[in-house]
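Peer 1: Kindly generate the corresponding structure for this input.
(2 chains)
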Amino acid sequence: MNNYTLSELSKSLHNGNLSSVELTQYYLDLIKIHNGRLNAFITVNEENAMIQAQVADQRLQQGTAGILTGIPIAHKDIFCTKGVRTSCASKMLDKFIAPYDATIVEKINAAGMVTLGKTNMDEFAMGSSNETSFYGKVRNPWNTSHVPGGSSGGSAAAVAAGLTPIATGTDTGGSIRQPASLCNLTGLKPTYGRISRYGMIAFASSLDQAGPMAKNARDAAMLLNTMAGFDRRDSTSVNCNVPDYTANLDESIEGLTIGLPKEYFDDALDNDIATTIENAIKIYESIGAIIKEVALPNTKLAIPTYYIIAPAECSSNLSRMDGVRFGHRCEDPKDLTDLYERSRGEGFGEEVKRRIMIGTYALSAGYYDTYYLKAQQCRHLISNDFQQVFNDVNVIMCPTTPTTAFKFGEKMNDPVSMYLADIYTISANLAGLPSISIPANFLNNLPIGMQIIGNYFDESYLLNIANRYQQITAWHQKIPNTYG
Amino acid sequence: MNLDSKDIEKIAHLARLTIDKANIPTYIKNLNNILNLVEKINANDTRDIMPMSHPIDTNQRLREDEISEIDQRENFQTIAPQTKNGVYLVPQVIKLNTP
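Peer 2: All right, here's what the predicted structure looks like:
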């Protein structure tokens, strides 16, 4: 079953070979077997799932079902789910029962999908290894002594191990693409504003974007069809046409011009990863793509810029966690300041505190111009680089990550080394561009991903380019041994 | 720029965070490392470059002035740590002057 695509599952559900109740039970049983080891789920909601599955079966029988009706899904625990704990993997929200659904949850429910549960993640999406979760680390199904990546590590591990056919994730600096790369998945971060952020707990509001984490490009396109669209409840939601993302998947890519940024292919790049990308490029050339070297001269500014902007926005966003209206509250506060300081001190983990402190410092009196304003100017330079390049090429191809999945503990004591794990993914967030990671190779039985960055609202094109590659290659079909 | 323990305590207070005193040396090391990393942006000349606060260049949307939200106070207060008669309770902020 782990190899079934959403289209195949949908077909079986529609022709009556399979009921949603059976399918849902199958995944719930697998979660029971494997979650103890992988820790991919924080909350599994068996009762709700079975009710949703029964409703889906009724819709299937009545002929009112859509293409995704009855198919199970898992949501990153950053999306509010009404009546269900939404923890963001933090002690701060350990007892937080969301009073409403995120827009994407509402849409996915309306499509008739069945929510299996909420997946583990780095606390408040801050991390690249899923080691900062209050609920413990997630293990990579390809090698359980290695990280699954982060922050959407639980979603990635769950899909890779076949505990759910598809999952949602969010990406602020690479949090969909990097775990997708480390777990052999197809992960898409759409254009900023393409998917509503309403009900998605904010980390860095000008960078956060939700997206699908899937086994292949077609599955991702099917879920994106449901997730995308304007939402009046999100002031940064973009009101523009949502195409059918599955419509152009099989189109020829003859004449596609691919840019290879020379700054990404310097001496620092790992040899095996460089070879992986070169081989993938050859495949694209063989089906009609044209390759060009391009320059993104401000690439070196991306990480420093990001680690000012993201913490600054996080320090502002997380100020709402104050122990007053929801979330963790300390015992016996002696005054209001004590209530704030101890509730937050006890509720947040170390990485979250670090980022809040960096952000607070960068925004504090006398430093705003030096850090935040300067970073926003650098962000403009980075974004301009891309627009310059997109005058010459259709997409950019590069690695998703500098290495394959690393071992637990390897980077936890050195935050800066962890930050460098996002070196290839951060720029797309700063510029707000869509970007996809697809499976492209293995090294010592650990997956290697390749990233394709497109111009604004080119999701359809990216999925088409990814799908054409997946029609020729079989990397995306590989499944970790224990979970076949 | 090098932060010392006084800076760390000041920043923690500005951020309304208690931090464990024993961890201050680790904070000093990690935050200074991060600041050394981010200070690389200062090597670039950004005179005349407009700051980019948002990836998509749009104006704030306007909407009709009509009711779009219903009162959900009770619903929202079911998840609050402490409430009374529909208000959130916090430790006393204003001291009463008793004659």
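
Peer 1: The residue of the stretch 351-484 of chain A found nearest chain B: what's it in contact with?
Peer 2: As assessed by CB to the nearest CB, chain B sits closest to A:Gly432 within the stretch 351-484 of chain A, at 2.3 Å. Using the backbone N, CA and C atoms, a C-beta is placed for each residue, glycine as well. Neighbouring residues of A:Gly432 by CB atoms under 8 Å, 6 or more residues apart in numbering or on different chains: A:Thr191, A:Tyr192, A:Gly193, A:Ser383, A:Tyr456, B:His54, B:Pro55, B:Ile56.

Peer 1: got it, and A:Met113?
Peer 2: Contacts of A:Met113 by CB under 8 Å, 6+ apart are A:Gln52, A:Ala56, A:Leu68, A:Thr69, A:Gly70, A:Ile71, A:Pro72, A:Ile73, A:Thr226.

Peer 1: So which of those are in strands?
Peer 2: The members of the contacts of A:Met113 that map onto strands under DSSP state E are A:Pro72, A:Ile73.

Peer 1: Look up phi and psi at the residue most central in space within chain B.
Peer 2: Centroid-nearest residue in chain B: B:Ala15, 6.3 Å away (criterion: CA atoms, centre = their mean). When read as degrees, to the nearest 10, the backbone of B:Ala15 gives phi -90, psi 0.

Peer 1: how about the residue nearest to it when sequence neighbours are not counted, phi and psi?
Peer 2: Residue nearest to B:Ala15 in three dimensions, not counting chain neighbours: A:Thr360, with 4.1 Å by CB to CB, 6 or more residues apart in numbering or on different chains. Torsion angles at A:Thr360 (phi, psi; degrees, to the nearest 10) stand at phi -60, psi -40.

Peer 1: Would you confirm that A:Thr360 contacts B:Ile8?
Peer 2: No - using CB atoms under 8 Å, A:Thr360 makes no contact with B:Ile8, being 11.1 Å away.

Peer 1: which is the next helix or strand following the helix or strand hosting A:Ser315?
Peer 2: Secondary structure from DSSP states H and E places A:Ser315 in helix A:302-317. Going down the chain from helix A:302-317, the next helix or strand is helix A:336-347, by DSSP H and E.

Peer 1: the helices in the stretch 51-200 of chain A, which residues?
Peer 2: Assigned by DSSP state H, counting those that start in this stretch, the helices in the stretch 51-200 of chain A fall at A:103-110, A:153-160, A:177-182.

Peer 1: remind me which residues of chain B are low pLDDT?
Peer 2: Of all residues in chain B, those with pLDDT under 70 make up the ranges B:1, B:99.

Peer 1: Residue of it nearest chain A, please.
Peer 2: Residue of chain B nearest chain A, by CB to the nearest CB: B:Pro55 (2.3 Å).

Peer 1: Can you classify the closest residue to A:Lys262 other than its chain neighbours as helix, strand or coil?
Peer 2: Take A:Lys262 and drop its neighbours on the chain: the residue closest to it by CB to CB, 6+ apart is A:Glu293, 5.5 Å away. Using DSSP: H, G, I helix; E, B strand; the rest coil, the secondary structure recorded for A:Glu293 is strand.

Peer 1: surely A:Glu293 meets A:Glu263?
Peer 2: No - the criterion here is CB under 8 Å, and A:Glu293 misses it with A:Glu263 at 10.4 Å.

Peer 1: Those two: which has the busier surroundings?
Peer 2: Higher neighbour count among A:Glu293 and A:Glu263: A:Glu263, with 16 against 10, using other CB atoms under 10 Å in any protein chain shown.

Peer 1: Apart from its neighbours in sequence, what residue is nearest that one?
Peer 2: Per CB to CB, 6+ apart, closest to A:Glu263 is A:Thr299, 4.1 Å.

Peer 1: Let me see the contact set for that neighbour.
Peer 2: Contacts of A:Thr299 (CB under 8 Å, 6+ apart): A:Pro261, A:Glu263, A:Tyr264, A:Ile382, A:Asp385, A:Ser427.

Peer 1: Out of those residues, list just those in helices.
Peer 2: With helices taken from DSSP state H, the overlap with the contacts of A:Thr299 comprises A:Ile382, A:Asp385, A:Ser427.

Peer 1: most neighbours, which of the contacts of A:Thr299?
Peer 2: Compared across the contacts of A:Thr299, A:Ser427 has the highest neighbour count, 32 neighbours, by other CB under 10 Å.

Peer 1: Next up, the contacts around it.
Peer 2: A:Leu296, A:Thr299, A:Ala302, A:Ile382, A:Phe386, A:Ile453.

Peer 1: Kindly recompute the last result at 10 Å.
Peer 2: A:173-174, A:261, A:263-264, A:296, A:298-299, A:301-303, A:305-306, A:379, A:382-383, A:385-386, A:396, A:398, A:433, A:435, A:453 (CB atoms under 10 Å, 6 or more residues apart in numbering or on different chains).

Peer 1: With B:Val90 instead?
Peer 2: A:Asp322, A:Gly323, A:Val324, A:Arg329, A:Pro333, A:Asp335, A:Leu336, A:Leu339, A:Tyr340, B:Pro81, B:Gln82.

Peer 1: OK, contacts around the first one?
Peer 2: Read it as A:Asp322. A:Arg329, A:Leu336, A:Leu339, A:Tyr340, A:Glu341, A:Ser343, A:Arg344, A:Gly347, B:Arg16, B:Val90.

Peer 1: got it, and A:Phe386?
Peer 2: Per CB under 10 Å, 6+ apart, neighbours of A:Phe386: A:259, A:261, A:294, A:296, A:298, A:396, A:427-428, A:430-433, A:453-456.

Peer 1: pLDDT value on it, please?
Peer 2: At A:Phe386, the pLDDT value in this model is 98.

Peer 1: Can you give me the distance of it to A:Gly349?
Peer 2: 34 Å (CB to CB, to the nearest Å).

Peer 1: Over to B:Ala15?
Peer 2: 14 Å.

Peer 1: again, but for B:Ala12
Peer 2: B:Ala12 is 15 Å from A:Gly349, by CB to CB.

Peer 1: mind listing the strands for chain A?
Peer 2: A:41-44, A:72-76, A:114-119, A:167-171, A:186-189, A:209-214, A:257-261, A:290-294, A:395-399, A:435-443, A:446-454.

Peer 1: Give me whichever of these is most buried.
Peer 2: strand A:186-189 (a mean of 33; mean count of other CB atoms under 10 Å in any protein chain shown).

Peer 1: Who are the packing partners of that strand?
Peer 2: If contacts are counted by 3 or more CB pairs under 10 Å, 6 or more residues apart in numbering or on different chains; DSSP states H and E, strand A:186-189 sits against helix A:153-160, strand A:167-171, helix A:177-182, strand A:209-214, helix A:217-227, strand A:435-443, strand A:446-454, helix A:459-472.

Peer 1: now the ones you listed as TSV including mean pLDDT and distance to A:Leu13?
Peer 2: Shown next, in TSV, are those (pLDDT from 0 to 100; distance: least, CB to CB, whole Å):
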stretch	mean pLDDT	distance to A:Leu13
helix A:153-160	98	19
strand A:167-171	98	19
helix A:177-182	98	26
strand A:209-214	98	17
helix A:217-227	98	13
strand A:435-443	98	26
strand A:446-454	98	29
helix A:459-472	98	22
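
Peer 1: In CSV, list these along with distance to B:Leu31.
Peer 2: Shown next, in CSV, are these (distance: least, CB to CB, whole Å):
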stretch, distance to B:Leu31
helix A:153-160, 25
strand A:167-171, 25
helix A:177-182, 24
strand A:209-214, 28
helix A:217-227, 37
strand A:435-443, 30
strand A:446-454, 30
helix A:459-472, 37
